[in-house]
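Undergrad: missing the sequence, but the structure's below:
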Ligand SMILES: NC(=O)c1ccc[n+]([C@@H]2O[C@H](COP(=O)([O-])OP(=O)(O)OC[C@H]3O[C@@H](n4cnc5c(N)ncnc54)[C@H](O)[C@@H]3O)[C@@H](O)[C@H]2O)c1
């Protein structure tokens, strides 16, 4: 039996004693603990401390040794690492929570799954179309063994369920068009200039990881805990700006209700192209084929001041910082993360076409989002934002950036992952990595 298969059938206790994991242990039973490695032990990593503290946190990794010490204070029994590639080789690790910088997400997630480990990966799951496809493919190959979750925890807000029910039950008639938007603006002129050497306890080369070299500048790391991603995520080699940042969360509000997979086309317009920094203002549009309950639809993403048109004079979308709008044949639904507004079409609509669900038929609450994954690792393997759902979402969003870069509408074949009418766009589906780094390690 392979080592990981063996470990999967056993629960490893904190004492190092191996106990069989049999069905008599429920997901929450005292002896049924998951052995977790946390990659990134400060910032977003800290937001996971409480959820994972019910488990055995056996390994910690951070390229910043001060942050590693911060994590070790909370989980003193864990072994510590500065290189996640070594961390995920630790023999008793069963599951990985990845809170590193965006440009390492797909690598860490994919390498971990290749070693038979369950993965919770912070959003965005990938930094290129190719990365999204590779991670999704690895997950699909292993989906009968592994539980995965993209860190879009707003998905657990019950408004997500209410929005889905309204769309599926025909509250706006037949769905025609979907928009999502975010108003965060983080403009930067270009990569920061060299500014001294990294401190000795800060492993900058490991932070760069697969990305091309850029000189060290402490301003990339000057943000508050949990917000430091806003210091580096707009630079192409480190992130995808708001597309991957709030785009991951806000498109999720729409994605959850539309049962979309991959688009057949993409187009994008925004700020003039900057080779260093992703655009602040951007609009991307995608065509999605019909599915078994709705016709073909157009899905759009707006950011940095670009906005869809308000559906009625009484509704000012600009007052909703991050939201989604669903336009149908009989009305419009506007939603932010926590609440929604239903606008029947015109003053003649009496909504007799729509029958609300009975209480018993409501989509049940998801509960705690991180716990959903922990429980899935121990049994059902079922999560709400697995790497198929989240992989499709981020592949669409990142394809929009490719269309923006080539400046024209592109046709996309989601089966092969190729743009069928633009050679330059195909070149932009993947990123070039530093020597020694491979995505499928
Ligand atoms: N789900 C959410 O609501 C949410 C909120 C904030 C951040 N995030 C995501 O979490 C990630 C981290 O964001 P942050 O603001 O905490 O950033 P950060 O720059 O503070 O990084 C978090 C920690 O990871 C460490 N780290 C970075 N690269 C590493 C690597 N290769 N190996 C090991 N450790 C590494 C850093 O030293 C730091 O301690 C980002 O991808 C961001 O998009 C998600």
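TA: That came through fine. These numbers were taken from a predicted model, which means no experiment stands behind them.
Undergrad: residues touching residue 152, list them.
TA: Residue 152 makes contact with 123, 248-249, 252, 385, 390 under the criterion Cβ atoms under 8 Å, 6 or more residues apart in numbering. In this view, the C-beta of every residue, glycine as well, is placed from N, C-alpha and C.
Undergrad: residue 44 too?
TA: Going by Cβ under 8 Å, 6+ apart, residue 44 touches 99, 122, 151, 226, 229.
Undergrad: in a strand, that's where it is, yeah?
TA: No - Residue 44 is assigned helix when assessed by DSSP: H, G, I helix; E, B strand; the rest coil, not a strand.
Undergrad: now it: how far from residue 57?
TA: According to Cβ to Cβ, to the nearest Å, residue 44 and residue 57 sit 16 Å apart.
Undergrad: likewise for residue 383?
TA: Using Cβ to Cβ, residue 383 is found at 20 Å from residue 57.
Undergrad: what is the neighbour count of residue 35?
TA: The local packing of residue 35 (other Cβ atoms under 10 Å) involves 24 other residues.
Undergrad: kindly report the same for residue 61.
TA: Other residues near residue 61 come to 31 when the count uses other Cβ under 10 Å.
Undergrad: give me phi/psi at it?
TA: phi -140, psi 130 (degrees, to the nearest 10).
Undergrad: residues contacting it?
TA: 37-41, 68, 80-84, 86-87.
Undergrad: mind checking the SS state of the residue sitting furthest away from the middle of the chain?
TA: In the chain, residue 348 marks the outermost C-alpha relative to the chain mean, sitting 41.1 Å out by Cα atoms, centre = their mean. Secondary structure assignment for residue 348 (three-state DSSP): coil.
Undergrad: residue 411 versus that one, what's the distance?
TA: Here residue 348 is placed at a distance of 40 Å from residue 411 (Cβ to Cβ).
Undergrad: likewise residue 178?
TA: From residue 178 to residue 411 the distance is 20 Å (Cβ to Cβ).
Undergrad: circling back to that earlier point, for the residue farthest from the centre of the chain, grab phi and psi.
TA: Residue 348 adopts backbone torsions of phi -90, psi -10, taken as degrees, to the nearest 10.
Undergrad: which stretches in the stretch 51-200 of the chain count as helices?
TA: For the stretch 51-200 of the chain, the helices defined by DSSP state H, counting those that start in this stretch cover 65-74, 84-87, 105-114, 129-141, 158-168.
Undergrad: may I see the buried residues of the second one?
TA: Yep, that's helix 84-87 we're talking about. Neighbour counts over helix 84-87 (16 or more other Cβ atoms under 10 Å) mark 84, 87 as buried.
Undergrad: looking at it now, give me its mean pLDDT.
TA: Mean pLDDT, helix 84-87: 98.
Undergrad: got a list of contacts for it?
TA: 37, 39, 59-61, 81, 93, 98, 100, 104, 108, 111, 441.
Undergrad: and the contacts of residue 44 as TSV, adding pLDDT, neighbour count and distance to residue 210?
TA: Putting these into TSV (pLDDT from 0 to 100; neighbours: other Cβ atoms under 10 Å; distance: Cβ to Cβ, whole Å) gives the following:
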residue	pLDDT	neighbour count	distance to residue 210
99	98	25	17
122	98	28	17
151	98	26	20
226	97	14	24
229	98	20	17
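Undergrad: of these, closest to residue 183?
TA: residue 229 (17.3 Å; Cβ to Cβ).
Undergrad: got a list of what that closest one touches?
TA: Contacts here follow Cβ under 8 Å, 6+ apart; on that basis residue 229 touches 43-44, 101-102, 223, 239, 245.
Undergrad: neighbour-wise, which one of these leads?
TA: residue 102 (26 neighbours).
Undergrad: excluding its backbone neighbours, what's nearest the most centrally placed residue in the chain?
TA: Against the mean C-alpha coordinate of the chain, by Cα atoms, centre = their mean, the closest residue is residue 123 at 3.0 Å. Distance criterion Cβ to Cβ, 6 or more residues apart in numbering; nearest residue to residue 123, sequence neighbours excluded, is residue 248 at 3.7 Å.
Undergrad: OK, contacts around that neighbour?
TA: Residue 248 touches 123-125, 150, 152, 390, 393-394, 397, counting by Cβ under 8 Å, 6+ apart.
Undergrad: specify the local secondary structure of it.
TA: Following three-state DSSP, residue 248 is assigned to helix.
Undergrad: I'd like the distance between it and the ligand.
TA: The spacing between residue 248 and the ligand, counted by Cβ to the nearest ligand atom, to the nearest Å, is 8 Å.
Undergrad: next: residue 221.
TA: Distance from residue 221 to the ligand, by Cβ to the nearest ligand atom: 6 Å.
Undergrad: got it, and residue 182?
TA: 13 Å.
Undergrad: taking helix 105-114 as reference, get the angle to whichever strand or helix holds residue 394.
TA: Residue 394 belongs to helix 389-406 when assigned by DSSP states H and E. Going by axes from the mean of the first three to the mean of the last three Cα atoms, to 10 degrees, helix 389-406 is angled at 150 degrees with respect to helix 105-114.
Undergrad: I'd like to know which elements helix 389-406 is packed against.
TA: Applying 3 or more Cβ pairs under 8 Å, 6 or more residues apart in numbering; DSSP states H and E, we find helix 389-406 packed against helix 129-141, strand 148-151, helix 246-258, strand 265-270, strand 282-288, strand 297-303, strand 410-413, helix 423-427.
Undergrad: so which of those is the most surrounded?
TA: Mean neighbour count (mean count of other Cβ atoms under 10 Å) peaks for strand 148-151 among the helices and strands packed on helix 389-406, with a mean of 29.
Undergrad: partner strands of that one, with direction?
TA: Next to strand 148-151 in the sheet, as set by DSSP bridges, lie strand 118-122 (parallel).
Undergrad: what bridges to residue 81?
TA: Beta-bridge partners of residue 81, as defined by DSSP bridges: residue 61.
Undergrad: my guess is it meets residue 58, correct?
TA: No - with contact defined as Cβ atoms under 8 Å, residue 81 does not count as touching residue 58 (11.3 Å).
Undergrad: hey, what's in contact with both of these two?
TA: Common contacts of residue 81 and residue 58 (Cβ under 8 Å, 6+ apart): residue 90.
Undergrad: ends of stretch 75-95, what's the gap?
TA: Using Cα to Cα, to the nearest Å, the end-to-end distance of stretch 75-95 comes to 16 Å.
Undergrad: contact partners for whichever residue of the stretch 1-150 of the chain sits closest to the ligand?
TA: Minimum separation of the stretch 1-150 of the chain from the ligand (Cβ to the nearest ligand atom) falls at residue 43, amounting to 2.4 Å. Contact analysis of residue 43 by Cβ under 8 Å, 6+ apart lists 67, 99, 225-229.
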